[in-house]
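A.B. asks: how would this look folded up:
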Amino acid sequence: MEIGERRIVVVDVGCRWGFAENFLPAIDRFLIYGFDPDQEECQRLNVHYSSPTIKAVPIALGRETCKKTLYLTKEPACSSLYKPDPYLTSNYSAFHCEVEVGQTCVNVQRLDDWIRENDVKVIDHLKIDTQGSELDILVGAGELLSSVRSVQAEVEFNPMYLAQPIFSDVDTFLRSKGFVLWKFSEITHYSKNKAPQPPIHTVDIRYDDWVSQTSGVYAGQIFWANAHYVSCAVFSGKKSTEDKERDQILFSLLGMPDVLGDQQEWGDYVNSIIRNNCLAASEQVTKLAKAINRSQQAEARATQAEARATQAEVRESEARAQAQQALTVAQHAQAQATQAEARVIALLNSTSWRVTAPLRWLGSAMRTLNPDALKPRAKVLLQHAALYVGRRPRLKNAALKVLNRFPSLKSWLFQIVTGVKTQPVQPQIVPTDIAHLTPHARQIYADLKSAIERRQKERG
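C.D. replies: Okay, the predicted model is just below:
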């Protein structure tokens with residue numbers, strides 16, 4: 001379709017994140033300008049589009065050419081020439097993105113001045129989303145508004161920034177310039193709820209007499225929406241063929257072909273764009289469904305991985321506890337071994353151990369050799385040892401202490417040295433007059449006598 005030499009001019013003020021996607025299907029018929037005071041964002045957009053017909057301009061637009069304060073917010077897209085309302089940012093979770101984090105001074109220019117300096121004759125579509133300064137930009141467009149066919153402006157029904165114009169101000173101004181309100185989109189409400197709540201009522205949205213849609217109404221006060229305005233010139237029957245063709249392309253790509261009249265009167269081009277948009281929407285829905293499915297699968301895998309990680313953590317904790325228990329047991333065993341080693345060392349360093357060393361050596365030798373052959377020599381050695389020890393009081397006392405602790409060893413040494421076999425002392429019952437004893441002493445005597453008689457019977 002030929003539309004003459006003039007391209008359709010689109011101006012998007014507040015172009016952060018992108019501004020040309022709707023027009024890419026017929027980009028060769030458009031000239032698109034985006035405006036944003038963020039130079040880095042404009043540079044990114046110019047690299048992203050990389051097209052001679054799409055340009056992002058890093059300046060702020062307003063009512064007059066001057067310097068103004070730009071209030072920087074937590075979310076850069078919410079920065080504004082108007083100061084954020086601290087009550088909203090403090091009491092509504094949805095407004096946390098508008099918390100002020102700084103200020104900077106920016107150059108502001110009127111739109112008609114920039115258009116004139118860059119030799120742009122007309123604007124066909126004007127989109128404005130500048131966080132409260134939309135009316136200022138419309139005023140700064142001056143006489144250019146007479147060429148604009150459609151305006152999309154973000155409007156606030158309740159102020160979000162201090163002293164900002166609201167919908168009634170914007171609506172009054174545009175109607176005075178020959179525009180009519182066509183529709184709202186993205187109607188947005190905010191509440192102080194910290195979590196999703198169930199709907200509290202319903203609302204009906206009707207389209208002619210054929211469609212009536214009922215949807216839930218949730219808590220919250222209406223704050224903003226996108227207002228779509230159309231110039232009354234679009235409805236004039238005195239349009240040139242070129243104007244009519246440009247309107248068909250523009251409003252079809254804006255998703256507003258109904259502006260052109262009854263559906264029966266739409267041209268083949270408009271219908272083809274609608275079909276293509278429907279196909280694109282269907283493909284997007286399919287892609288979205290697949291993406292949701294992949295996201296759910298990924299979430300399920302993440303949940304499983306988290307469960308496995310939790311189990312592994314539990315096993316690791318149990319293994320760590322077992323290791324700690326084993327370490328405690330090992331430390332206790334080591335302490336016992338250390339104590340035993342200390343006792344052995346103390347025994348080896350004791351006088352009694354050194355004194356009895358010859359006896360231990362003699363006992364070992366007698367167990368390995370013929371005892372009968374060693375008895376005379378052992379007797380001589382023991383006699384010399386006894387004489388040696390007897391002449392030294394300290395050794396004698398130590399030896400006696402050891403021998404007194406081991407009566408069998410004492411008896412054996414006495415037998416070796418003297419040749420006299422000692423007999424164990426047999427307890428005897430000595431007749432005793434117990435008449436003069438106390439009752440308790442008589443009972444003890446009776447118990448001892450019974451024990452001795454029992455012992456003698458056992459040895460019988």
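A.B. asks: count of neighbours near residue 66?
C.D. replies: 11 (other CB atoms under 10 Å). Placement of C-beta: from N, CA and C, glycine included.
A.B. asks: for it, which residues make a bridge with it?
C.D. replies: Counting by DSSP bridges, residue 66 is bridged to residue 108.
A.B. asks: same check, this time on residue 126
C.D. replies: Counting by DSSP bridges, the residues bridging with residue 126 are residue 11, residue 151.
A.B. asks: Now the stretch of helix or strand residue 173 belongs to: buried residues?
C.D. replies: For residue 173, the element it lies in under DSSP states H and E is helix 167-176. For helix 167-176, the neighbour count (16 or more other CB atoms under 10 Å) marks 167, 170-171, 173-174 as buried.
A.B. asks: same check, this time on stretch 160-169
C.D. replies: Applying 16+ other CB under 10 Å to stretch 160-169 flags 160-161, 164-167 as buried.
A.B. asks: What's the end-to-end length of that stretch?
C.D. replies: For stretch 160-169, the first and last residues are 15 Å from each other (CA to CA, to the nearest Å).
A.B. asks: Next: stretch 12-26.
C.D. replies: 17 Å.
A.B. asks: Mind checking the pLDDT average for it?
C.D. replies: Average pLDDT, stretch 12-26: 90.
A.B. asks: where do the strands sit along this structure?
C.D. replies: 8-13, 30-35, 54-57, 60-61, 66-73, 100-109, 125-128, 150-156, 179-190, 201-207, 211-217, 221-231 (DSSP state E).
A.B. asks: Please name whichever of the ones you listed is nearest to residue 294.
C.D. replies: strand 179-190 (27.3 Å; CB to CB).
A.B. asks: picking that back up, run through the neighbouring helices and strands of the helix holding residue 173.
C.D. replies: helix 134-140, strand 150-156, strand 179-190, strand 221-231 (3 or more CB pairs under 8 Å, 6 or more residues apart in numbering; DSSP states H and E).
A.B. asks: chain center to that helix, what's the gap?
C.D. replies: 47 Å (CA atoms, centre = their mean, to the nearest Å).
A.B. asks: And stretch 7-15, by the same measure?
C.D. replies: Using CA atoms, centre = their mean, the offset of stretch 7-15 from its chain centre is 41 Å.
A.B. asks: returning to that earlier point: could you dump the strands of the chain into JSON lines and include distance to residue 94?
C.D. replies: Listed next are those as JSON lines, based on distance: least, CB to CB, whole Å:
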{"stretch": "strand 8-13", "distance to residue 94": "23"}
{"stretch": "strand 30-35", "distance to residue 94": "26"}
{"stretch": "strand 54-57", "distance to residue 94": "28"}
{"stretch": "strand 60-61", "distance to residue 94": "25"}
{"stretch": "strand 66-73", "distance to residue 94": "13"}
{"stretch": "strand 100-109", "distance to residue 94": "16"}
{"stretch": "strand 125-128", "distance to residue 94": "22"}
{"stretch": "strand 150-156", "distance to residue 94": "13"}
{"stretch": "strand 179-190", "distance to residue 94": "4"}
{"stretch": "strand 201-207", "distance to residue 94": "20"}
{"stretch": "strand 211-217", "distance to residue 94": "17"}
{"stretch": "strand 221-231", "distance to residue 94": "8"}
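A.B. asks: right, and those - which one's nearest residue 330?
C.D. replies: strand 100-109 (58.3 Å).
A.B. asks: Touching, residue 231 and residue 125? I think so.
C.D. replies: No: checked against CB atoms under 8 Å, the pair residue 231 and residue 125 is beyond contact range at 10.3 Å.
A.B. asks: quick revisit: using JSON lines, lay out the helices and strands packed on helix 167-176 together with mean neighbour count and mean pLDDT.
C.D. replies: Below are the helices and strands packed on helix 167-176 laid out as JSON lines (neighbours: other CB atoms under 10 Å; pLDDT from 0 to 100):
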{"stretch": "helix 134-140", "mean neighbour count": "23", "mean pLDDT": "96"}
{"stretch": "strand 150-156", "mean neighbour count": "22", "mean pLDDT": "97"}
{"stretch": "strand 179-190", "mean neighbour count": "14", "mean pLDDT": "95"}
{"stretch": "strand 221-231", "mean neighbour count": "19", "mean pLDDT": "96"}
